[in-house]
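# Dropping a prediction and its sequence here:
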Amino acid sequence: MAAGNYKVPPPFDKKKSYESWKNEVEIWGLVTDLEEKKKALAVALSLKGRAMDSALEIAAEYLNDDEGMNILLTKLDGVFLKEENDRQYEAYTEFDRIARENGVSMVDYIVEFERRYNRIRKFKMELPDASAAFDTVNHQILLSSLEGMGVSGSALSLFASYLTGRSYQVTWRGATRIAACLADISKWMTTHHLKLNLDKTELLFLPGKGCPHRDLSITIDDTVVTPTRTARNLGVTLDDQLSFSANISSVTRSCRFLLYNIRRICPFLTDETAQVLIQALVISHLDYCNSLLAGVPASAIRPLELVQKAAARLVFNRPKFSHTTSFLRSLHWLPVRARIQFKTLVLAYRAVKGTAPSYLQAMVKPYIPARPLRSAASGRLVARSLRGPGGRSTRSRLFSVLAPQWWNELPTDVRTAESLPIFRRRLKTHLFRKCYPEPST
């Protein structure tokens with residue numbers, strides 16, 4: 001903005017961020033001698049490209065008003081500013097990932113640290129007390145990290161001498177709270193002539209990334225409950241890493257045992273009866289809570305695929321190593337990975353239509369373009385970023401990431417189905433054609 005030329009608003013171009021331009025416009029609004037109702041018109045006429053398109057969506061009589069500037073900036077905020085929570089998350093993630101790279105001087109590193117720190121302070125985020133965190137850090141890890149960052153010589157010796165002879169500890173009151181909660185449950189059950197079965201009570205500790213396994217125990221009614229690597233809940237075996245490898249192994253063993261017993265009575269069954277029996281006992285077992293396996297590696301669900309192929313061979317009474325693609329197509333069975341995708345997308349459809357639990361509805365968000373487009377009626381969802389503190393391998397298993405990604409890949413007629421039965425029918429047809437394409441002639 002040229003000095004003394006306060007009638008011309010500052011230009012908005014790609015060289016500056018929207019926030020910087022907005023601050024300049026607000027300053028310009030304080031020093032310009034234009035009438036209050038003319039300011040929004042002047043700013044709108046100075047815009048270009050996407051900003052101009054957004055401004056033109058506002059009627060001229062609204063811009064030519066004392067509140068015109070507020071209306072215009074509010075409109076542009078909806079286009080160029082991300083949601084407050086997303087901006088806070090980005091600021092925290094940027095600060096959390098700060099590291100001194102090779103070739104970066106300490107002065108430049110401190111400047112970058114202050115810039116990122118000031119950015120999170122702008123959102124009124126408070127960091128934990130550094131002194132308290134220092135008291136709980138492993139001293140050997142701290143010294144190794146400092147040495148890896150380039151701290152050496154007398155500086156490293158100073159830290160080492162300070163830490164020599166000092167101890168550290170981490171206390172956790174969660175065990176006390178859990179014990180108190182279980183005590184209240186046990187008391188309530190006793191009052192209602194029930195008894196808490198402590199022999200079947202399991203404690204599963206889910207450590208965070210890089211968190212050591214804590215030696216926890218809970219005492220309730222003179223019984224000590226210690227953590228286990230796996231715990232069973234509603235028929236699903238959970239492990240402390242949430243890899244579901246233990247659950248896959250358990251399902252595989254159960255299905256193999258069922259197939260073994262069915263094979264023994266197959267000579268007395270018709271093909272149709274064998275198919276119904278296997279679908280009811282084996283395939284339904286494979287499908288139970290299979291949406292939990294969304295995003296797991298293909299190697300992890302390989303045992304389940306082998307069970308499904310063995311079930312298809314048993315229906316048609318085929319040898320052990322016979323090819324099964326034609327059998328699965330004839331039975332109209334989707335492969336295991338497609339069945340997982342089917343169940344996840346059904347949950348996504350219910351979330352979009354508002355019939356799923358509220359916590360699932362909060363994980364998906366309909367895509368609404370900034371301006372009227374044909375894609376507004378296509379039923380797409382907002383795709384979440386795969387980047388995050390959990391890393392790609394962890395975040396890519398989230399329902400909030402996978403469901404929109406798979407949903408947006410569906411044809412429009414599937415996404416816009418009028419009811420759940422129609423959606424399920426169209427979805428299975430789409431996945432079936434995708435998994436078993438028609439042979440080219």
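That came through fine.

# Can you mark which positions in the longest helix belonging to the chain are buried?
Assignment by DSSP state H gives helix 245-265 as the longest helix of the chain. Along helix 245-265, the positions that meet the burial threshold by neighbour count (16 or more other CB atoms under 10 Å) are 246-248, 250-252, 255, 258-259, 262. C-beta coordinates here come from the backbone N, C-alpha and C atoms, glycine included.

# Sketch out the low-pLDDT regions of the stretch 51-200 of the chain for me.
Counting by pLDDT under 70, the stretch 51-200 of the chain contains low-confidence residues at 81-85, 123-138, 166-175.

# before we move on, back to that, what's next to the longest helix of the chain, contact-wise?
229-230, 236-239, 274, 277-278, 281-282, 285-286, 288, 292-293, 300-301, 303-304, 306-307, 310-311, 314 (CB atoms under 8 Å, 6 or more residues apart in numbering).

# And for stretch 140-149?
The contact list for stretch 140-149, computed with CB under 8 Å, 6+ apart, reads 100, 156, 159-160, 163.

# make it 6 Å
By CB atoms under 6 Å, 6 or more residues apart in numbering, the list of residues contacting stretch 140-149 from outside reads R100.

# so how far is it off the chain centroid?
A distance of 32 Å separates the C-alpha centroid of stretch 140-149 from that of its chain, computed with CA atoms, centre = their mean, to the nearest Å.

# got the CA positions of it in CSV?
Extracted C-alpha coordinates of stretch 140-149, given in CSV (Å, rounded to 0.1, in the frame of the first residue of the first chain):
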residue,chain,number,x,y,z
GLN,A,140,20.3,-41.4,29.8
ILE,A,141,17.8,-40.8,27.0
LEU,A,142,18.2,-37.0,27.6
LEU,A,143,21.9,-37.1,27.4
SER,A,144,21.9,-39.3,24.2
SER,A,145,19.4,-36.9,22.6
LEU,A,146,21.5,-33.9,23.5
GLU,A,147,24.5,-35.6,22.0
GLY,A,148,22.6,-36.4,18.9
MET,A,149,21.6,-32.8,18.5
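
# Only the buried residues of it, if you could.
Of the residues in stretch 140-149, none are scored as buried under the neighbour-count criterion (16+ other CB under 10 Å).

# Then stretch 107-127?
Residues of stretch 107-127 classed as buried: 109, 116, 119-120 (neighbour count, 16+ other CB under 10 Å).

# Can I get those residues in TSV including secondary structure and distance to Y349?
Putting the buried residues of stretch 107-127 into TSV (DSSP: H, G, I helix; E, B strand; the rest coil; distance: CB to CB, whole Å) gives the following:
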residue	secondary structure	distance to Y349
Y109	helix	49
R116	helix	40
R119	helix	39
I120	helix	38
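
# Widest-spaced pair of the residues you listed?
Y109 and I120 (17.0 Å; CB to CB).

# And the closest residue to Y109 other than its chain neighbours, how far from S154?
Counting by CB to CB, 6 or more residues apart in numbering, Y109 lies nearest to R100, which is 4.6 Å off, once chain neighbours are set aside. Distance from R100 to S154, counting by CB to CB, to the nearest Å: 19 Å.
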